[in-house]
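In: when you get a sec, could you give me coordinates for this:
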Amino acid sequence: MRISKNSSRRVDCALRTTNFIVRFCQYQTQCRAQSRPVMAALFAIFWLWQSLSAAGPAQAQGQAAQSAESHYAIAVFISSQKDSTPQEVEAIKQFSIKRVKAVNSAGGLHGKTLKVYFLDDFRDGNETVKNVKKAIADKRLIAMVGIWNSTRGAKVVDAIGKSSIPFISEISLNNMFADYKNIFTLTRSINDELKVFKRLLSEKAKRVAFVGLEGDLYTKSFHDALNDLSGKLTVVSTHWIPKDAEFNEQRIAPIVKAIKDGGADFICLSTGSARAEALLGKLAEAGVAVPGFVALGTIGRILEINPKLVYRGSLYDIAEGGIPNVNNERLEQLVRRADFDLSSFGFGAYAIGYGARYGDLISMIAKSAANSEKTDVPSLRKAVVSGLRQLAEGRRVFRGWSQDWSFAEDRASAENSLLVWSPPSYQGFVLAPVQYLRAGQGLKEVPVIYLNLDMVRIFRVDSNDKSFHAEFYISIKSDRDIDIKNIEFTNAYRGQLSNQPLISVRQIHSGGADSEFDADLKVFKVSGKFMFRPDLRTYPFDSQRFSISFQPSSTSSPFFIQPPRADIRDKDFEIDGWDLEGQYVGSNQDIITTIRDYVGEERIIPFYKFNYTWVVKRRAVDYYLRVVFPLAFILLVAYFSIFIPDSRFESVVAIQVTALLSSIALYLAIPKPESDSATLSDEIFVFTYMVISLMIGLSILRVNASIRNIPTLGIIVAFFQSFFFPVIAALMITYVVAMSSADGAIKKSWHLVVIDYIGEQASTLSERVAKYF
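Out: Numbers count the residues shown, from 1 in each chain. Now for the predicted structure:
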């Protein structure tokens with residue numbers, strides 16, 4: 001009869017356990033005869049440990065062998081530079097690995113291990129082709145993710161489409177894969193971007209100059225859009241820049257001259273950020289100040305290359321990272337929930353959002369595959385495609401770390417194309433005053449409110465009531481007639497009887513030109529009571545977030561909030577009992593589930609909301625005086641009692657028991673916040689009880705007759721009392737001090753300077769992230 005490896009391991013473990021029981025019983029009888037129960041217990045512990053340690057590695061080896069024999073795989077295509085690894089690539093790896101670990105820790109995919117591997121093309125189209133062929137040949141592959149360049153993607157889209165393997169790309173040219181139902185893209189459709197681009201041109205331009213990168217498919221799409229508007233505007237000049245050509249003075253000068261002499265009133269730049277920066281600088285020197293649109297590249301990247309660039313015309317582009325100066329609140333919640341600070345890993349804000357998106361895709365694929373009734377790879381692939389197609393815009397969303405995911409009819413991401421604007425001579429960028437959002441086959445206009453919240457003070461913070469009072473000024477500026485009545489404070493505390501928000505609003509300036517305020521600026525003073533969600537796990541050395549949250553009062557009148565830059569927001573105000581650590585403006589969205597028509601078909605309506613948030617740290621001076629110092633003296637007295645001679649054993653135990661009762665009484669006497677889980681303060685007291693109880697137990701062992709007859713055990717007990725006790729007490733005190741200090745283990749802020757997605761290094765970065773993940 002053939003015995004499996006798992007059966008053999010079970011038999012071996014059973015034999016070891018039986019052997020342990022027999023030996024233990026024999027030795028226990030011997031020990032009873034010799035009145036040595038302590039040694040019997042030690043003997044039992046030793047043999048039990050030996051049996052378990054022998055069975056553990058065998059079980060681990062069996063699990064490893066099973067994992068190696070059967071698994072599913074997801075391939076992620078990345079693009080590093082040959083001489084360096086961008087932060088985005090490293091973030092993609094870590095977030096993808098994190099999601100895969102979560103799947104496997106929950107039992108894997110249909111009982112099998114899920115694996116992810118990364119294929120790097122180093123931005124070489126030929127390597128992209130090789131990587132795709134390698135992935136398609138993997139018989140355990142259930143999906144593929146990546147490829148963020150349309151030109152490189154064009155070389156492999158047919159092969160991927162014909163393979164029927166689910167593929168979520170970053171190819172914005174959705175017409176490239178229109179015939180392949182297994183290909184999706186996590187980016188916006190180029191068609192949506194072109195609709196916004198055409199709408200902008202129809203309102204701003206009559207004579208357009210175009211400068212583009214030769215051979216780039218994305219650039220060609222914008223040039224074709226200009227030709228579609230040939231009856232409404234005139235293209236005065238077109239300039240193509242070879243990809244490998246040096247963009248020097250000799251190439252720039254003729255372009256500047258043609259734009260200036262041609263009388264262009266609008267410029268379209270699709271050359272990449274570096275070339276656009278060089279061209280805009282020369283245009284500014286030549287006195288050209290017409291508006292411009294940056295297609296290939298971003299305004300943000302242009303200003304990074306040259307922060308001193310001053311162009312006297314307006315610049316526009318499509319937002320790559322959501323609303324400028326606004327954090328991804330979804331990522332903020334991830335950091336708070338996970339209790340670690342991603343910014344300490346060296347990731348930039350953009351990289352964090354980028355990596356979180358890929359992590360969402362991995363989770364999305366795994367959950368879709370888990371819905372398959374069959375477990376063979378072809379069936380899982382079909383289930384993934386079906387699951388992704390069910391995430392149709394307006395019908396269903398996948399709530400990820402970075403954003404809410406759904407796909408439009410063209411299988412591109414349903415996120416909106418937001419128009420970014422850099423006003424003349426302004427070294428920064430914000431949302432344009434009017435946004436053009438997708439509405440069926442057309443576009444609808446949504447206004448932008450330029451809003452600043454100037455906090456005066458935060459007071460009466462009540463963790464038990466989960467509320468705080470605040471007093472602040474709100475400044476509103478918009479091209480549309482929007483008043484504070486159009487804004488709902490979503491976290492305002494409501495009265496128990498009236499159910500009305502407990503806030504008062506007083507108008508300071510109505511927008512007229514008869515005061516020191518700008519003519520089109522409305523100013524209000526607001527005071528009231530607001531709710532917050534305290535996280536008391538590290539009380540009393542905790543950090544909390546106080547937010548003022550708001551959204552449009554009606555879904556029929558939506559708007560976007562555009563705050564000022566972080567460096568000009570007010571940071572000087574009072575918070576009773578707290579210290580300000582940081583602040584940010586966050587954005588998220590609520591999902592409203594309704595029904596369509598009379599048939600009850602589910603419909604999903606996203607509803608944007610915004611929040612001004614202050615990260616604050618509790619002042620712990622009072623806790624030190626009431627708790628830390630008294631407990632330290634109680635422990636000190638208990639420690640000194642061990643030096644009393646054994647002949648005064650009753651006095652020793654009396655002192656130590658009194659110390660234990662004193663610590664219990666102190667815990668009952670101090671004020672404590674209501675919490676569903678144990679706080680750090682609770683853990684400090686439990687630690688104190690444990691240490692003093694251990695001290696009492698060791699004192700009893702010192703005078704025990706059996707211990708006295710074994711000198712070695714007596715030395716061990718004395719060592720624990722004299723040295724181990726003060727060491728662990730000192731370590732605990734050090735830990736408490738570290739937690740309360742600004743540079744301690746508690747992160748100074750959950751603040752991520754994210755201007756990212758609306759939707760987010762120890763020895764090596766991967767080791768450090770893996771440690772906290």
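In: alpha carbons only for contacts and neighbour counts from here, please
Out: Fine.
In: quick one: low-confidence ranges for the stretch 151-300 of the chain?
Out: The model of the stretch 151-300 of the chain has no residue with pLDDT under 70.
In: Ala258 versus Asp231, what's the distance?
Out: For residue 231 the amino acid is Gly, not Asp. Separation of Gly231 from Ala258 (C-alpha to C-alpha, to the nearest Å): 22 Å.
In: kindly report the same for Ser510.
Out: Counting by C-alpha to C-alpha - Ser510 and Ala258 are separated by 47 Å.
In: now the helices for the stretch 101-250 of the chain?
Out: Counting by DSSP state H, counting those that start in this stretch, one finds helices in the stretch 101-250 of the chain at the ranges 125-136, 150-153, 157-163, 190-204, 217-228, 249-261.
In: what's the answer for the stretch 601-750 of the chain, then?
Out: Going by DSSP H, counting those that start in this stretch, the stretch 601-750 of the chain shows helices at 621-623, 629-640, 649-669, 680-702, 705-708, 711-719, 725-740.
In: quick one: closest of those to Ile604.
Out: Closest approach to Ile604 among the helices of the stretch 601-750 of the chain (C-alpha to C-alpha): helix 680-702, 41.2 Å.
In: skipping adjacent residues, who's closest to Ser363 in space?
Out: Nearest residue to Ser363, sequence neighbours excluded (C-alpha to C-alpha, 6 or more residues apart in numbering): Arg99, at 6.1 Å.
In: quick check: that neighbour touching Leu361?
Out: No: counting by C-alpha atoms under 8 Å, Arg99 stays clear of Leu361, with 9.2 Å between them.
In: outline the domain layout of the chain.
Out: The chain breaks down by automatic domain parsing into domains covering 5-69, 72-188+328-413, 191-318, 447-618, 621-740.
In: can I get those in CSV with mean neighbour count and distance to Phe429?
Out: Formatted as CSV, the domains of the chain follow (neighbours: other C-alpha atoms under 10 Å; distance: least, C-alpha to C-alpha, whole Å):
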stretch, mean neighbour count, distance to Phe429
domain 5-69, 14, 50
domain 72-188+328-413, 20, 16
domain 191-318, 18, 7
domain 447-618, 17, 9
domain 621-740, 16, 39
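In: nearest to Ser422 among those would be which one?
Out: Closest approach to Ser422 among the domains of the chain (C-alpha to C-alpha): domain 191-318, 5.0 Å.
In: quick revisit: closest one to Tyr436 among the domains of the chain?
Out: domain 191-318 (6.2 Å).
In: ends of that closest one, what's the gap?
Out: 13 Å.
In: just want the most central residue of this structure.
Out: Per C-alpha atoms, centre = their mean, the C-alpha nearest to the average position across the chain is that of Leu331, at 2.8 Å.
In: what packs against whatever helix or strand it lives in?
Out: Element membership of Leu331 [criterion: DSSP states H and E] is helix 329-338. Under the contact definition 3 or more C-alpha pairs under 8 Å, 6 or more residues apart in numbering; DSSP states H and E, helix 329-338 sits against strand 578-596.
In: the strand it packs on packs against which elements?
Out: strand 327-328, helix 329-338, strand 601-618.
In: and the pLDDT for Glu320?
Out: Listed pLDDT for Glu320 reads 81.
In: okay, now it: neighbour count?
Out: Using other C-alpha atoms under 10 Å, Glu320 has 21 neighbouring residues.
In: any idea whether it is helix, strand or coil?
Out: coil (DSSP: H, G, I helix; E, B strand; the rest coil).
In: so it versus Leu431, what's the distance?
Out: 12 Å.
In: same deal with Met732?
Out: In terms of C-alpha to C-alpha, Met732 sits 50 Å off from Leu431.
In: what of Thr271?
Out: 22 Å.
In: from Ala258, how far off is Ala284?
Out: From Ala284 to Ala258 the distance is 14 Å (C-alpha to C-alpha).
In: leaving out chain neighbours, which residue sits closest to Lys374?
Out: The nearest residue in space to Lys374 (C-alpha to C-alpha, 6+ apart) is Leu380, at 7.2 Å.
In: which residues touch that neighbour?
Out: By C-alpha atoms under 8 Å, 6 or more residues apart in numbering, the residues touching Leu380 are Ile142, Ala369, Ala370, Ser372, Lys374.
In: just Ser498 next, same as before
Out: No contacts exist for Ser498 under C-alpha under 8 Å, 6+ apart.
In: show me what contacts the residue nearest to Lys115 when sequence neighbours are not counted?
Out: Using C-alpha to C-alpha, 6+ apart and skipping the chain neighbours, the partner closest in space to Lys115 is Ala73 (4.7 Å). Contact analysis of Ala73 by C-alpha under 8 Å, 6+ apart lists Leu114, Lys115, Val116, Tyr117, Arg140, Leu141, Ile142, Ala143.
In: and if you look at Lys204?
Out: Phe266.
In: distance check, Thr85 against Arg99.
Out: Applying C-alpha to C-alpha, the value for Thr85 to Arg99 is 21 Å.
In: one step back: name the element the residue nearest to Ser363 belongs to?
Out: Per DSSP H and E: helix 87-105 holds Arg99.
In: which ones are touching Ile634?
Out: Residues in contact with Ile634 (C-alpha under 8 Å, 6+ apart) are Ala659, Ser662, Ser663.
In: circling back to that earlier point, can you flag the weakest of the helices and strands packed on strand 578-596 by average pLDDT?
Out: Minimum mean pLDDT among the helices and strands packed on strand 578-596: helix 329-338, a mean of 75.
In: tell me the mean pLDDT over the helix or strand following that one?
Out: Using DSSP H and E, the next helix or strand after helix 329-338 towards the C-terminus is helix 349-370. The predicted model assigns helix 349-370 a mean pLDDT of 90.
In: which helices and strands does helix 349-370 pack with?
Out: By 3+ C-alpha pairs under 8 Å, 6+ apart, helix 349-370 packs against helix 87-105, strand 141-146, helix 377-390.
In: of all those, which one is nearest Asp121?
Out: strand 141-146 (11.0 Å).
In: tell me which residues are up against that closest one.
Out: By C-alpha under 8 Å, 6+ apart, strand 141-146 touches 72-78, 135, 165-170, 358, 361, 365, 377-378, 380-381, 384.
In: tell me what angle that strand forms with helix 349-370.
Out: Using axes from the mean of the first three to the mean of the last three C-alpha atoms, to 10 degrees, one finds that strand 141-146 and helix 349-370 are set 160 degrees apart in direction.
In: what strands line up against strand 141-146, and which way round?
Out: For strand 141-146, the pairing partners within the sheet under DSSP bridges are strand 71-78 (parallel), strand 167-169 (parallel).
In: and Glu246, which of those strands is closest to it?
Out: strand 71-78 (27.1 Å).
In: mind checking how far the closest one is from the chain centre?
Out: Centroid separation for strand 71-78 versus its chain: 22 Å, with C-alpha atoms, centre = their mean, to the nearest Å.
In: next, the angle from that strand to helix 377-390.
Out: 50 degrees.
In: could you give the angle of strand 71-78 to helix 87-105?
Out: 170 degrees.
In: give me the pLDDT for Arg23.
Out: pLDDT, read off for Arg23, is 54.
In: what of Ser417?
Out: Value for Ser417, per-residue pLDDT: 91.
In: so it belongs to a helix, correct?
Out: No: with three-state DSSP as the criterion, Ser417 is assigned coil and is not in a helix.
In: contact partners for it?
Out: Contacts of Ser417 (C-alpha under 8 Å, 6+ apart): Arg188, Asp192, Glu193, Val196, Ile318, Ala319, Tyr436, Leu437.
In: cool, thanks, talk later.
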